[in-house]
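> predicted coordinates and the sequence they were generated for:
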Amino acid sequence: MPVPKNQKELLQQSEEGFEKLHDLIESFSPKKQGSDFVPGTMNRNIRDVLAHLHHWHLMLLNWYEVGMNGEKPDMPAKGYTWKDTKQLNRDIWKLHQKDSLQKVKKALSDSHEKVHGLISKHTEDELFEKKRYAWTGSSSLATYLRASTSSHYRWAYNLIRRSSKSV
């Protein structure tokens, strides 16, 4: 998928990825939606994958809020560096083990809408100008938004599709 070059493309790719993921999940029976994948992946079922997406939305929303207030956000999360992403993802997985699939679906839908709200409220320059905000470093705001939406949705779609074939 080409890198979005404007707000419309960023929103469109995000929405299309979210809908494609949703449609894939809803094509499964409720039993299959709740089934575990074959061993070998940390995210052992659809709930785990969706909780992962939701949690990364929450982290992005926090980075944004802290960063836009002129402060330096803890990225990726307090107590973690980017080199610790595997451990962070394991900790996210542990955090959501008692959540129901329905709760996670709703939470993901809500956080997806919040991220879309951020995209919608910014101009092209605010989204795509690199180094515009100190907290995004040498990247643009759109880079972070894309990573947390369309790119992450594509990862989730592929993982669920691949893993569901063996369930």
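Structure's in. What do you need?
> and stretch 81-99, what's its mean pLDDT?
In this model, stretch 81-99 has an average pLDDT of 97.
> next: stretch 41-51.
90.
> repeat that for stretch 6-24.
98.
> max-length helix in the protein?
Longest helix in the chain by number of residues (criterion: DSSP state H): helix 46-68.
> what's the first helix or strand after that helix?
Using DSSP states H and E, the helix or strand that follows helix 46-68 in sequence is helix 85-95.
> for that next one, which positions count as buried?
Going by neighbour count (16 or more other CB atoms under 10 Å), the buried part of helix 85-95 is L88, N89, I92, W93. Where you see a C-beta, it was placed from the backbone N, CA and C, and this is true even at glycine.
> let's have these in JSON lines, adding distance to W82.
Listed next are the buried residues of helix 85-95 as JSON lines, based on distance: CB to CB, whole Å:
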{"residue": "L88", "distance to W82": "9"}
{"residue": "N89", "distance to W82": "12"}
{"residue": "I92", "distance to W82": "15"}
{"residue": "W93", "distance to W82": "18"}
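> which one of these sits closest to S35?
S35 has its nearest neighbour among those in W93, at 17.0 Å by CB to CB.
> how about the contacts made by G40?
If you count contacts by CB atoms under 8 Å, 6 or more residues apart in numbering, G40 has none.
> that one sits in which helix or strand?
Counting by DSSP H and E, G40 is found in no helix or strand.
> quick check: buried residues in the longest helix of the chain?
46-61, 63-64, 67.
> what's the answer for stretch 22-36, then?
Neighbour count says stretch 22-36 has H22, L24, I25, Q33 buried, by 16+ other CB under 10 Å.
> same check on stretch 125-134?
L127, F128, Y133.
> now, among those residues, which is nearest to S148?
Among those, and counting by CB to CB, the member closest to S148 is L127, at 13.4 Å.
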